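1. sequence and predicted structure are below.
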Amino acid sequence: MNEYKIYQHPEGRHEAVKQGWSWPGFFFGPIWAMVKKMWGLGAGLLVAVVVLAMLPVESAIGLLATLISLGIYVACGINGNRWREKHLASRGYDHVDTVSASNPDGAIALYLKGRYADG
């Protein structure tokens, strides 16, 4: 079970954001950001990773570029879910609850079940 923060938009849409390390952010960095509609972040990360990948790995600068790229992906793993929370808040979503669930859809379902059970 993971902890998920539930965000609600005034129009009634819900999003669940897992707390802690983001494996999708770590493995897919720029693509993950774009899938989550964080277009600016995703584009910036993609440009950075592509530019760094163009440097020859055999050189000292290429080795440094590889380490920087790894650092970018680690940063996405560590900070990805917090970045997503800030992005949702900037789009008008409010944090309404935190629940334990096995996946994001289950977290939203638990939140809605509890909300409607209360009246």
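-> Sure thing, it's come through.
2. switch to C-alpha atoms for all contacts and neighbour counts from now on
-> Will do.
3. neighbours of residue 102, how many?
-> If you count neighbours by other Cα atoms under 10 Å, residue 102 ends up with 12.
4. now do residue 58
-> 8.
5. what about it, which SS state?
-> coil (DSSP: H, G, I helix; E, B strand; the rest coil).
6. what of residue 4?
-> Secondary structure assignment for residue 4 (three-state DSSP): strand.
7. repeat for residue 50
-> Applying three-state DSSP: residue 50 is helix.
8. pLDDT score for it?
-> Reported pLDDT at residue 50 in the predicted model: 97.
9. tell me who's in contact with the residue lying closest to residue 22 once chain neighbours are set aside.
-> Spatial nearest neighbour of residue 22, chain neighbours left out: residue 77 (4.5 Å); criterion: Cα to Cα, 6 or more residues apart in numbering. Contacts for residue 77 (Cα atoms under 8 Å, 6 or more residues apart in numbering) come out as 21-27, 29.
10. most neighbours of all these, which one?
-> Of all the contacts of residue 77, the highest neighbour tally under other Cα under 10 Å goes to residue 29, namely 24 neighbours.
11. this protein: strands as residue ranges?
-> Secondary structure of the chain by DSSP state E: the strands cover 2-8, 14-18, 94-101.
12. mean neighbour count added to the ones you listed, as CSV?
-> Formatted as CSV, the strands of the chain follow (neighbours: other Cα atoms under 10 Å):
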stretch, mean neighbour count
strand 2-8, 20
strand 14-18, 22
strand 94-101, 16
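13. tabulate those strands (JSON lines), appending mean pLDDT.
-> What follows is those, written out as JSON lines (pLDDT from 0 to 100):
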{"stretch": "strand 2-8", "mean pLDDT": "98"}
{"stretch": "strand 14-18", "mean pLDDT": "98"}
{"stretch": "strand 94-101", "mean pLDDT": "97"}
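14. cool, thanks, talk later.
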